[in-house]
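Chemist: Curious how this folds, go ahead:
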Amino acid sequence: MPETGLDNPALRRDTVSMPLPDAVPTPELPAVLRASILLRCLAIQGSWNYEILVGNGVGFCVEPALRQLPGGMDGQPYKDALARQSVYFNAHPYLASLAVGALARVELEQVPAVRIERFRTALCGPLGSLGDRLVWAAWLPACSLLALLLFGFGWSPLGVVAGFLLLYNVGHLGLRDWGLRAGWKHGLRVASAMGHPVLQHGPRYIGRVSAVLGGLALPLAVHRAIGGQEPLSPIPMGVAVATPVLAVLLVRQQGRAEGWRVVLALLAVFVLYSVVR
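Modeler: Model (predicted):
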């Protein structure tokens, strides 16, 4: 199974054994600072390279918070922290904000540098696997299938593209914003945020919704592509509704219905329909 933050021993060690963060209330993240960091997170891959991946991007995103360190931009703490945050880092770009928020907080709390570096290293793997499962393997296909369904319902190409972009970006921007707030809130104990139900179980449920969307969208989209009648007419709608229903029935009949028998039954139905019609 893919590694999650809760499965990483190094991350658990750094997030559970540290007594400082829970000993004081969570400091407030000023709205202006939050907006500045979040805006920079949109460009976190702008300096991506094969040597340090998004390391420079993380340093770029954390930098507005580091200005609050003693001495400001001219102080040695600022320079050391920025150098520490601009080395190798690998994470899904949408979930990197979770690390950015946590790293910004621990730097401002002036946690020992050795502990920050170990914590930063432990974050890389979990944020990559969680993001890939949630976004690339679940959310993106679901949005694409919904756009295909809109096409099948007769939407214009511009409307289909606009619908896809609206839905996809609502999800990805919301994920970035949540990650920044959760990372800042939990700091070194950010592993608890990685146990959020959306991150742990979201891919499974989104995948099920995608299966239903695919069953609805594909017949309608093909029907429109070949120049068929109106999508809301009985035949295409009947096929679109029957497809996911049939898929559910096949899943329930697993082990009790052989594939070739199902195919023959469907062919018989189509033949009878063509003859009667």
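Chemist: Please, where are all the strands along the stretch 51-200 of the chain?
Modeler: With DSSP state E, counting those that start in this stretch, there are no strands along the stretch 51-200 of the chain.
Chemist: in this structure, which spans are helices?
Modeler: Here the chain has its helices, by DSSP state H, at 9-16, 20-23, 31-41, 55-66, 76-84, 96-108, 113-131, 140-152, 157-186, 191-194, 197-225, 234-252, 259-276.
Chemist: highest average neighbour count across the ones you listed?
Modeler: Mean neighbours per residue, mean count of other Cβ atoms under 10 Å, is largest over the helices of the chain for helix 96-108, with a mean of 27. (C-beta placed from N, C-alpha, C; glycine too.)
Chemist: Point out where the chain drops to low pLDDT.
Modeler: For the chain, the stretches with pLDDT under 70 are 1-25, 228-267, 269-277.
Chemist: Pick out the residue nearest the middle of it.
Modeler: Closest residue to the average C-alpha location of the chain: V135 at 3.4 Å, with Cα atoms, centre = their mean.
Chemist: so who does it touch?
Modeler: By Cβ atoms under 8 Å, 6 or more residues apart in numbering, V135 lies in contact with 92, 94, 172, 175.
Chemist: could you check the distance from it over to L127?
Modeler: Using Cβ to Cβ, to the nearest Å, one obtains 11 Å as the distance from V135 to L127.
Chemist: Now the common contact residues for these two.
Modeler: Counting by Cβ under 8 Å, 6+ apart, the common neighbours of V135 and L127 are H92.
Chemist: need the helices of the chain in JSON lines with distance to S47, can you?
Modeler: Formatted as JSON lines, the helices of the chain follow (distance: least, Cβ to Cβ, whole Å):
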{"stretch": "helix 9-16", "distance to S47": "25"}
{"stretch": "helix 20-23", "distance to S47": "30"}
{"stretch": "helix 31-41", "distance to S47": "11"}
{"stretch": "helix 55-66", "distance to S47": "4"}
{"stretch": "helix 76-84", "distance to S47": "14"}
{"stretch": "helix 96-108", "distance to S47": "13"}
{"stretch": "helix 113-131", "distance to S47": "17"}
{"stretch": "helix 140-152", "distance to S47": "24"}
{"stretch": "helix 157-186", "distance to S47": "18"}
{"stretch": "helix 191-194", "distance to S47": "26"}
{"stretch": "helix 197-225", "distance to S47": "26"}
{"stretch": "helix 234-252", "distance to S47": "44"}
{"stretch": "helix 259-276", "distance to S47": "51"}
